[in-house]
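> no letters, just coordinates:
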Ligand code: NAD
């Protein structure tokens, strides 16, 4: 089997690969602007059929209580992805513009291997716990807690790390016993649609348990938030869209799980190796052209060494020229679309208008006339109130901000509507950890520690989200809790 052999992907509805009622739409290589092929364009009618199939599979089959079947199906999907990993890698580089080296990690192979955590968790999970006999209100009662699937989950995902985000929803939602409709971003339909091919060819997933709906129309995804047959929406994307999902979900009071934007800070304390820390911040901000929600995009450095910090960041970032994501050494590939490139350019222009300056970069590279590229850019001369320090840019852009000591660094880091991640560098590990403890964020990196792994929960404080993805906490997001009280003799 060759994935997408006819360069046209289909929807997965009720166990069958079908064409979309809305025809097709193109998926484009952001590095070359070439059309790779087309994806099925679903309409509201197709989405309705997918929701109905998921509802029926949940209500009328044994899926939600058959742990063994679920574990087997997830492991089959994982194996199918492993068996097709080179095709998936090529697809990911071409459709997402993901640098090849990242496909060995979070862009592909990492999330495929993380499916083991979902299967293992379901296999070993304590689905019921016995609280024993007690006499609340004087009535002798045997109490049990049961954990059950929520029902039909609508998963809505963005384009920046499609496999990571698709699988971080599909894996735990299905392992927990839910059925699901996955609606990927219109920019990366194939990364999701290939799952449909692999599921139908290589797994025992019963019809209706997994449905995949690609569409060029955001409103088709919004139906998942509104439909009363959907019990939960699991959304990753921008904070503004998250607000729309939450408000659409309010009418039916469904559970809404949100992973949203970020504007995370990288704090360099006055005893740290300044050049080393700034260089690491610059490298991180350039990876995948800065299209990661948890990337630290505010570099907060001691005021007395501000110029030195800007120079160190610019030396690294200026050397990371945006390039062909297919090449093994590329760190910074293209951004996903012309729209994103223009949006980033708007932010860069705002930095100059507010009195900032570019220590390197500042726009599209002069030597590339095709592809959606932005040069890794260091912005200097602005404070934390600048637009580029407050809003998520989602490009390879690092803003360097001065602090006046540890308390001020914490204040700046927390002075943001977001709270996704934070990094602290210091020669004194305890001092760094103490500062990390004061950050109002969901993940903290101390001196280069890595928080991303299958068993670590990921998510944000404040306007960066509600709930946690991955880890045991991520699995349990997809469960209801039932308290059972049986009269005892
Ligand atoms: P987006 O919010 O525009 O779109 C995300 C998804 O939502 C897409 O599938 C889109 O079709 C769909 N959508 C759009 N409008 C909708 C609506 N009204 N109702 C339901 N669905 C709707 O985001 P994007 O541009 O695809 O992705 C970039 C954003 O995602 C960034 O802001 C980034 O920070 C965020 N992000 C967050 C995380 C995280 O885990 N916190 C991870 C990756 C990306």
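It's in. Source: prediction; values computed, not measured. Numbering: from 1, shown residues only.
> point out where the stretch 301-450 of the chain drops to low pLDDT.
In the predicted model, the stretch 301-450 of the chain carries no residue with pLDDT under 70.
> can you tell me which residues in it are near the ligand?
When proximity is defined as CB under 6 Å from any ligand atom, the stretch 301-450 of the chain approaches the ligand at 392, 394, 420. Placement of C-beta: from N, CA and C, glycine included.
> my guess is the first one meets residue 418, correct?
Yes - proximity of residue 392 to residue 418 meets the contact threshold set by CB atoms under 8 Å, at 7.2 Å.
> just to revisit the earlier point, most neighbours out of the residues of the stretch 301-450 of the chain next to the ligand, which is it?
Highest neighbour count within those: residue 420, with 28 neighbours (other CB atoms under 10 Å).
> any idea how far residue 283 is from that one?
Residue 420 sits 19 Å away from residue 283, going by CB to CB, to the nearest Å.
> what's the answer for residue 347, then?
Taking CB to CB, one finds residue 347 at 20 Å from residue 283.
> tell me which residues in the helix or strand harbouring residue 351 are buried?
Using DSSP states H and E, the element containing residue 351 is helix 338-353. Within helix 338-353, the residues that count as buried by 16 or more other CB atoms under 10 Å are 340-341, 344, 347-348, 350-351.
> ok, now which ones touch the residue in the chain positioned nearest to the ligand?
Taking CB to the nearest ligand atom, the ligand has its nearest neighbour within the chain at residue 237, 2.7 Å off. Residues in contact with residue 237 (CB atoms under 8 Å, 6 or more residues apart in numbering) are 156-158, 185, 259-260.
> mind giving me CSV with the residues you listed and columns for pLDDT?
Formatted as CSV, the contacts of residue 237 follow (pLDDT from 0 to 100):
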residue, pLDDT
156, 99
157, 98
158, 98
185, 98
259, 98
260, 98
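> the residues you listed: which two are farthest apart?
Taking CB to CB, the two most distant members of the contacts of residue 237 are 185 and 260; they sit 14.4 Å apart.
> before we move on, the earlier item: could you name every residue contacting both of residue 392 and residue 418?
The contact sets of residue 392 and residue 418 overlap at 239, 261-263 (CB under 8 Å, 6+ apart).
> and for residue 238, the neighbour number?
15.
> scratch that, residue 85
16.
> phi, psi of residue 296?
When read as degrees, to the nearest 10, the backbone of residue 296 gives phi -80, psi 110.
> contact partners for it?
Applying CB under 8 Å, 6+ apart, we find residue 296 in contact with 264-266, 281, 284-285, 421-423, 445.
> so what's it bridging to?
residue 264 (DSSP bridges).
> that older thread, format the residues of the stretch 301-450 of the chain next to the ligand as TSV; extra columns: secondary structure.
Below are these laid out as TSV (DSSP: H, G, I helix; E, B strand; the rest coil):
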residue	secondary structure
392	coil
394	coil
420	coil
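> any idea which of the residues you listed is closest to residue 16?
For these, with residue 16 as the reference and CB to CB as the criterion, the closest is residue 394, at 35.9 Å.
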